[in-house]
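3D, please:
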Amino acid sequence: MHFEFIPSASEFSDSESAIQQIIGGYISSLQKIGGMHIRSEQIETTSVLFYFAVTGGVENLILDLRKKRHLSVINDPVFIIAHPANNSLPASMEILAKLQQDDIKGRIFYLSSPDDNKTLAAIEQAVNDHEIYRYLHGLRLGAIGDPSDWLVASSPDHDTVRRKWGPQVISVPMAEVLAEMKNLLPEELSDYAIDLSKKAVKVVEPSPKEIDDAVRVYAALKRIIGKYKLDSITVRCFDIVLKAKTTGCFALSALTDEGIIAGCEGDVMSVIGMIWTKALLGVIPWMANPSRLDESENTLWLAHCTVPRKLTPDYNLRSHFESGMGVGIQGKLPIGPVTLLRIGGKQMDKIWLSEGMILQNGNEDNLCRTQVEIKLDLGGKVSDLLKFPLGNHMVLLIGRHMDRLLEWFENMI
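A predicted model of the protein is given here:
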């Protein structure tokens, strides 16, 4: 881990010797966790940067430094380090208050002593959070076809996605995928089809040809990903059902298992949530529909016809629920703790988060194929989904991650 920090002191204490006398112990502690002491002339550094308020009276100095940095490094949150002496803390509070008045993200890290391991750990985590933020800003998200017509609240404009979350959205016509499907050679498909069938507990509806056709979608999307140098995709998958008489359910499952986050129905909101959580936590996400809920029990059912196979080693091959065509994946998720989330809002600046337990897997004919019932026990309630929903789909993560996700979101978005 590597970051940089600029100590700023008033004109009465701005010599190197005076700064060293006041915060020398803190400088040593920061250096031990990867910090590098730089001068204000190096403000345009591309490393994660902290402003160290050595004394009071540095409010305008640090604000001016931030303005200068903003000319070359856009949208960085402002990280300020304070300590208990020389009016460092009140100066830091005044700076952050001004930044927040101007809708600029910032945070104070109060080092109570050079041995304040809790705050030093928080600084390390902030550096990691910032690296995730920058990682997101380097991604290329392929929007294969337009968002599905019913996603009226889940289709932010591409500029908003870029500005708020970072990925550049690359529009790709669905016709290119359909054309690639026709150009594939049999040898590009056979191994995947055999693997998909052999590892299934049961093949219920799909014929061997339908399995081959589903694999054909995967291979075509891989070509598109390579052609456009995409890191992730979201697909208007019902066009594949209508125009190619097959499904993208296996393709999206397989790509996500490979680390190429792939979302359904052109839902950009959900795929951003999937990309973010995978990058931050290293956990494979599942995107699904809230299909049923019980307010009194605080439970809900999630269901979808695709799921990453790494999440569900026991799975059946079924048809796609709505169309009865192609291949859907009916998996069993492990009973245990989960986190649910949904990003939303016109500016993609709202989030719904909750933790709970998977109670059971389902096998009903009138829902999408992979089905789980979840009882929420911390954070958002199912009644929120009836009063203030942020959209259709949700992202499920195995394990309890709400605090970590909320902290990152509040600091970085």
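
Could I get the contacting residues of residue 364?
residue 371 (Cβ atoms under 8 Å, 6 or more residues apart in numbering). Every residue, glycine included, has its C-beta placed from N, CA and C.

What residue spans form the domains of the chain?
Segmentation of the chain into domains, based on automatic domain parsing, reads 3-137, 140-412.

which one of these is the most hemmed in?
Highest mean neighbour count among the domains of the chain (mean count of other Cβ atoms under 10 Å): domain 140-412, with a mean of 19.

Now do the end-to-end distance for that one.
Chord length of domain 140-412, first to last residue, is 20 Å (Cα to Cα, to the nearest Å).

average pLDDT for it?
Per-residue pLDDT values across domain 140-412 average out to 93.

next one: stretch 105-118
Stretch 105-118 shows a mean pLDDT of 96.

can you give me how far it is from the chain middle?
In terms of Cα atoms, centre = their mean, to the nearest Å, the centre of stretch 105-118 is found 26 Å from the chain centre.

What's the end-to-end length of it?
Length of stretch 105-118, first residue to last, Cα to Cα: 22 Å.

Give me the three-state assignment for the residue sitting nearest the centre point of the chain.
Nearest residue to the geometric centre of the chain (Cα atoms, centre = their mean): residue 276, 1.3 Å. Residue 276 falls in the helix class when you classify it by DSSP: H, G, I helix; E, B strand; the rest coil.

Report the contact partners of the residue lying closest to it once chain neighbours are set aside.
Leaving aside its sequence neighbours, residue 276 sits nearest to residue 136 (Cβ to Cβ, 6 or more residues apart in numbering; 6.6 Å). By Cβ under 8 Å, 6+ apart, the residues touching residue 136 are 165-167, 275-276, 279.

got those as a markdown table, with distance to residue 267 columns?
Formatted as a markdown table, the contacts of residue 136 follow (distance: Cβ to Cβ, whole Å):
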| residue | distance to residue 267 |
| --- | --- |
| 165 | 14 |
| 166 | 18 |
| 167 | 14 |
| 275 | 12 |
| 276 | 14 |
| 279 | 18 |
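
what's the closest of those to residue 215?
residue 275 (24.4 Å; Cβ to Cβ).

any idea how far the closest one is from residue 201?
To residue 201, residue 275 is 30 Å away according to Cβ to Cβ, to the nearest Å.

what's the residue nearest to the centre of the chain in contact with, if anything?
Per Cβ under 8 Å, 6+ apart, neighbours of residue 276: 132, 136, 165, 343.

could these be laid out in a markdown table, adding distance to residue 403?
A markdown table is the format used below for these (distance: Cβ to Cβ, whole Å):
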| residue | distance to residue 403 |
| --- | --- |
| 132 | 16 |
| 136 | 20 |
| 165 | 20 |
| 343 | 17 |
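
right, and out of those, which lies closest to residue 229?
Nearest to residue 229 among the contacts of residue 276, with distances taken as Cβ to Cβ, is residue 136, at 16.2 Å.

That closest one: which element?
In this assignment (DSSP states H and E), residue 136 forms part of helix 117-137.

If residue 371 is in a bridge, with which residues?
Beta-bridge pairing of residue 371 under DSSP bridges involves residue 303.

Looks like it contacts residue 358 (just checking).
No - shown here, residue 371 and residue 358 do not form a contact pair, counting by Cβ atoms under 8 Å, at 10.7 Å.

can you pull out the helices in the protein?
16-32, 59-70, 88-101, 117-137, 158-164, 174-183, 190-198, 208-228, 237-244, 249-257, 268-281, 384-387, 402-412 (DSSP state H).

what distance separates the second one from the centre of its chain?
Spelled out, it's helix 59-70. Counting by Cα atoms, centre = their mean, helix 59-70 is centred 30 Å from the centre of its parent chain.

who's in contact with it?
With Cβ under 8 Å, 6+ apart as the test, helix 59-70 has contacts from 6, 8, 40, 43-44, 49, 51, 53, 76, 78, 80, 91, 94-95, 98-99, 104.
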